[in-house]
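Chemist: this one's sequence-less:
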């Protein structure tokens, strides 16, 4: 999930006797998933049914707490503007393949076999964010390899 709300976590830090400690793990409100009724066509012609994460609470919660993600399913994160977005795997129970795309749906970055973070929030690494993107697609582990996804390819989907 995203790190851009890291400032909120930093706000949880308490100052005491000249040093700071993290008071608690971040609380991310549970957001009910949207139906997976949007189709994404990968460059090899395969289709994926995706849930959409269009607003900030949906993007923050993402695929947290899922124990599985079947092949042919995923989540498409839609940002309001193009920027470098890094994601993290805090409170995720499954690994994912992550695909970043620009405003033209062109793949700009890939993170295959991204592992779940089993530790506390402040120990979770972030992934991606090296290229500007507008869309981020999370897929089951192995999807990047299976579908031979590469930077520069175009992913087709219609959000209307």
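Modeler: Perfect, thanks for sending it. Note that this is a predicted model, so its numbers are computed, not measured.
Chemist: Show me the helices in this protein, by range?
Modeler: Along the chain, counting by DSSP state H, helices occupy 6-10, 56-61, 143-146.
Chemist: lowest-pLDDT helix or strand in this structure?
Modeler: strand 13-16 (a mean of 32; mean pLDDT, DSSP states H and E).
Chemist: I'd like the average pLDDT over stretch 138-152.
Modeler: Average pLDDT, stretch 138-152: 98.
Chemist: what's that stretch in contact with?
Modeler: 42-44, 46, 48, 62-63, 69-71, 73-75, 77, 94-99, 106-110, 112-114 (Cβ atoms under 8 Å, 6 or more residues apart in numbering). The way it works is simple: take the backbone N, C-alpha and C, and place the C-beta from them, glycine included.
Chemist: let's see it at 6 Å
Modeler: Stretch 138-152 has contacts (Cβ atoms under 6 Å, 6 or more residues apart in numbering) with 42, 44, 46, 63, 69, 71, 74-75, 95-98, 107, 110, 112-113.
Chemist: Restricted to strands, list those.
Modeler: Using DSSP state E, the members of the contacts of stretch 138-152 that fall in strands are 74-75, 96-98, 107, 110, 112-113.
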